[in-house]
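Trainee: Predicted structure and sequence below. I'll ask about it afterward.
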Amino acid sequence: MLDRVNETQSLEAAMNLIGRQARRAARMLAQTPAEAKNAALAFMADALEAESGAILAANAEDVARAQANGVAAAFLDRLMLDEGRIRAMAEGLRAVAALADPVGAVTAAWERPNGLRIERVRTPLGVIGVIYESRPNVTADAGALCLKAGNAAILRGGSDSARSTAAIHAALQSGLAKAGLDRNAIQIVPPGDRAAVGMMLGGLDGAIDVIVPRGGRSLVERVQAEARVPVFAHLEGLCHVYVDKAADLAMAIDIVVNSKLRRTGICGSAETLLVDESGADRLLLPILEALRARGCEIRGDAAVLARAPWAVPASEADWRTEYLDAIISVAVVEGVEGAIAHIEHYSSHHTEAVVTADEAVARRFLSGIDSAILLHNASTQFADGGEFGFGGEIGIATGKMHARGPVGVEQLTSFNYRVHGSGQTRP
């Protein structure tokens, strides 16, 4: 028992040290010129490419261990790195460097009748804790975005990606050091002890300003239940595609197949397809056959089974399931109003798409659904900060406070008001 107490005290001391170091680094970063941050990002990108061999070797160990544990294919897809994905990480860092620096940007300015000039100015959030699972690329994305926005980052990856995360982090710290910035601007927490997560959720004695969880439902629910600091989070990506009677068939097939199957293991993958009853005879079967030909399992309602008897009957649970696999639930609905009703009942408010040539239908869909990202005639797989021109994302936020949708550099800032006077006093 005494050994366990000592271990806990030792971990708490180590975590609080990480917090203090991050707070010091954050104060420095808030004053760091954009040129220095951009130089660090460029050096970090170069280091990722230069150390790709070491990163891939570390990742191969993580993947082999995951395969030995019999994890699902979607999990392996999120975990696995190759030369292309490492290049994409490096290019993501360069894209972040190319963005305008949000820190110090004046978002509004006005003058009062008494002569006071007021500005609303973007400021860093401070220290951001990121807790994630099985996605080693988040290490680079989160570190880069936090740095650009003038924040220090404390990163806690999953044990399944521990070697990959450590190798990527080493490259990031190399870039920071080469640019003359504090290496503690991006720190990682060893993944071995789950108690470290609880300490991060407690705020590390006031060091952490915001927590961002990226992972499965159990992780995000724990974070939302236990966090004593603000959280940017989404529980899951239960995304829908609605194909309206006015949809072009070829376009609908392309969009649905891409939305579901381009990468099944990401949160922007479509999990439910809704087809307008008035166009089902023309649209439904060709779309289902295209999905089926690519190995996707169809789980349908009675109207779907009547047209595709080979489909699997859908249960109530299917409409609430984020498969992250080559499976899709399909329902026939009564027009756009039926689609809106279904989505509002089952959606996780992440991403929804409508395929239609009818602009009135598109407007009704886009205004009638309360989700973070809504698309017209485009794949749900565009639910990505990089595709939005943000240079990457730290996550997709589905809440309504402060940040919503892809969380990029602007969403990782707050603001203050700066009031300029010429001697005014208040009567």
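Mentor: Arrived safely.
Trainee: buried ones in stretch 57-68?
Mentor: Of the residues in stretch 57-68, 58, 59, 62, 63, 65, 66 count as buried by neighbour count, 16 or more other CB atoms under 10 Å. Any C-beta I mention is one placed from the backbone N, CA and C, and that applies to glycine too.
Trainee: would you list every one of the strands in the stretch 151-300 of the chain?
Mentor: 152-156, 186-188, 210-214, 239-243, 270-276, 297-300 (DSSP state E, counting those that start in this stretch).
Trainee: from the chain's centre, how far out does the fourth one sit?
Mentor: Looking back up the chat, that one is strand 239-243. Distance, stretch centre to chain centre, for strand 239-243: 20 Å (CA atoms, centre = their mean, to the nearest Å).
Trainee: Can you name every helix or strand that that strand contacts?
Mentor: helix 249-261, strand 270-276, helix 335-346, strand 351-355 (3 or more CB pairs under 8 Å, 6 or more residues apart in numbering; DSSP states H and E).
Trainee: try it again with 7 Å
Mentor: In terms of contacts (3 or more CB pairs under 7 Å, 6 or more residues apart in numbering; DSSP states H and E), strand 239-243 is packed against helix 249-261, strand 270-276, strand 351-355.
Trainee: between it and strand 270-276, what angle do the directions make?
Mentor: 20 degrees (axes from the mean of the first three to the mean of the last three CA atoms, to 10 degrees).
Trainee: List the contacts of strand 239-243.
Mentor: 252, 255-256, 259, 268-276, 283, 287, 339, 343, 347, 350-355, 365, 380 (CB atoms under 7 Å, 6 or more residues apart in numbering).
Trainee: and if you look at the fifth one?
Mentor: In this structure, residues lying in contact with strand 270-276 by CB under 7 Å, 6+ apart are 238-245, 256, 259-260, 283-284, 319, 321-323, 328-333, 335, 339, 342, 380.
Trainee: low-scoring pLDDT stretches of the stretch 201-350 of the chain, where are they?
Mentor: 234-235 (pLDDT under 70).
Trainee: rerun at 90
Mentor: For the stretch 201-350 of the chain, the stretches flagged by pLDDT under 90 are 213-225, 231-237, 265-267, 324, 348.
Trainee: hey, which helix is longest across the protein?
Mentor: helix 2-30 (DSSP state H).
Trainee: Please, a PyMOL command that selects the buried ones among the contacts of strand 239-243?
Mentor: Restricted to buried positions by 16+ other CB under 10 Å, the PyMOL selection for the contacts of strand 239-243 reads:
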select buried, resi 252+255+256+259+268+269+270+271+272+273+274+275+276+283+287+339+343+347+350+351+352+353+354+355+365+380
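Trainee: looking at it, residue 327 is touching residue 297, isn't it?
Mentor: Yes - with contact defined as CB atoms under 7 Å, residue 327 and residue 297 form a contacting pair (4.5 Å).
Trainee: Among those two, which residue is more densely surrounded?
Mentor: Using other CB atoms under 10 Å, the more surrounded residue of residue 327 and residue 297 is residue 327, with 17 against 14.
Trainee: so what's the more buried one up against?
Mentor: Contacts of residue 327 (CB under 7 Å, 6+ apart): 296, 297, 299.
Trainee: Using the record's domain definitions, break the protein down for me.
Mentor: 2-232+407-419, 239-382 (automatic domain parsing).
Trainee: out of these, nearest to residue 400?
Mentor: Closest approach to residue 400 among those is made by domain 239-382 (8.7 Å; CB to CB).
Trainee: Now do the closest one: distance to the chain's middle.
Mentor: 22 Å.
Trainee: ok, now stretch 89-105?
Mentor: The answer for stretch 89-105 is 17 Å, by CA atoms, centre = their mean.
Trainee: In that stretch, which residues are buried?
Mentor: 89-97, 99, 101-103.
Trainee: Out of these, the closest to residue 196 would be?
Mentor: Checking the buried residues of stretch 89-105 one by one against residue 196 (CB to CB), the nearest turns out to be residue 89, at 24.6 Å.
Trainee: Leaving out sequence neighbours, find the closest residue to the closest one.
Mentor: residue 140 (4.4 Å; CB to CB, 6 or more residues apart in numbering).
Trainee: which SSE is the one you found in?
Mentor: helix 137-148 (DSSP states H and E).
Trainee: Please list the residues outside that helix that contact it.
Mentor: Contacts of helix 137-148 (CB under 7 Å, 6+ apart): 29, 37, 40-41, 44, 48, 85, 89, 92-93, 96, 99, 128, 130, 132, 152-153, 155, 157, 165, 168-169, 172, 185-186, 214, 392-394, 408-409, 412.
Trainee: Stretch 32-40 too?
Mentor: For stretch 32-40, the external contacting residues (CB under 7 Å, 6+ apart) are 97, 101, 147, 148, 150, 175, 176, 179, 181.
Trainee: In the stretch 1-150 of the chain, where is pLDDT below threshold?
Mentor: In the stretch 1-150 of the chain (pLDDT under 90), the answer is 1-12, 70-78, 132-135.
Trainee: redo that, cut-off 50
Mentor: 1-5 (pLDDT under 50).
Trainee: which residues in it form strands?
Mentor: According to DSSP E, counting those that start in this stretch, the strands that the stretch 1-150 of the chain contains are 106-111, 117-124, 127-132.
Trainee: do you know which of the ones you listed lies nearest residue 423?
Mentor: Of those, the one closest to residue 423 (CB to CB) turns out to be strand 117-124, at 13.1 Å.
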